[in-house]
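Engineer: Quick check, what structure comes out for this input:
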Amino acid sequence: MDFKDKKSIINYSFISVLSLVVFFMGSSLVYRVAIAKPVDPNLDRNIQKSTVTEVIQVNILNACGERGLASKVKSYLRARGFDVVEVGNFSKTLDKSVIYDRVGDLQSAKKVAYAVGINDSLVASQLDSSLFLRTSIVIGKDFKELKPFN
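Structural biologist: Model (predicted):
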């Protein structure tokens, strides 16, 4: 093998590796933009704001009995820009996690459900304007299926 053959092999190897890197980066971009869109924690412009804030405010309630779950979800949501105003325990144990809309803003509740990994069918309106927040997350025994725990 002479010098030109070795140089040719090195060039083709470099181009192949570079092509793989570009392919994986392109695939990652398509996945993030088209498939797993990030959740926007800000309120939609057409929603009447009951407070000065533009970020969705939530509280998280643990309804499965295992310690520390609400804190883990709090860290997960705060890292994504949501305003977690309270963490606590729910009054009873639930098998399924649910989202409660507290001010009649179902769209914001569905954004929170998507961010946490709860199906839209488990989003319900339970209006309570005295809580001064938009959405409540109640973590049930199915917590292992939620995004903060995967």
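
Engineer: Check the gap between residue 136 and residue 8 for me.
Structural biologist: 65 Å (Cβ to Cβ, to the nearest Å). Placement of C-beta: from N, CA and C, glycine included.

Engineer: Name the residue in the two with the higher neighbour count.
Structural biologist: residue 136 (21 against 12; other Cβ atoms under 10 Å).

Engineer: I'd guess the more buried one is in a strand, am I close?
Structural biologist: Yes. Judged by DSSP: H, G, I helix; E, B strand; the rest coil, residue 136 forms part of a strand.

Engineer: Just give the nearest non-adjacent residue to it, would you?
Structural biologist: residue 100 (4.2 Å; Cβ to Cβ, 6 or more residues apart in numbering).

Engineer: Now do the phi/psi pair for the one you found.
Structural biologist: Backbone geometry at residue 100, expressed as degrees, to the nearest 10, gives phi -110, psi 130.

Engineer: for the residue nearest the centre of the chain, helix, strand, or coil?
Structural biologist: Nearest to the centroid of the C-alpha atoms of the chain, with distances taken as Cα atoms, centre = their mean, sits residue 115, at 2.4 Å. Judged by three-state DSSP, the three-state class of residue 115 is helix.

Engineer: Give the closest residue to it in space, chain neighbours not counted.
Structural biologist: residue 39 (4.1 Å).

Engineer: pLDDT (mean, whole number) over the top helix by length along the chain?
Structural biologist: Longest helix in the chain, counting residues (DSSP state H): helix 3-30. Per-region confidence: helix 3-30 scores 88 on mean pLDDT.
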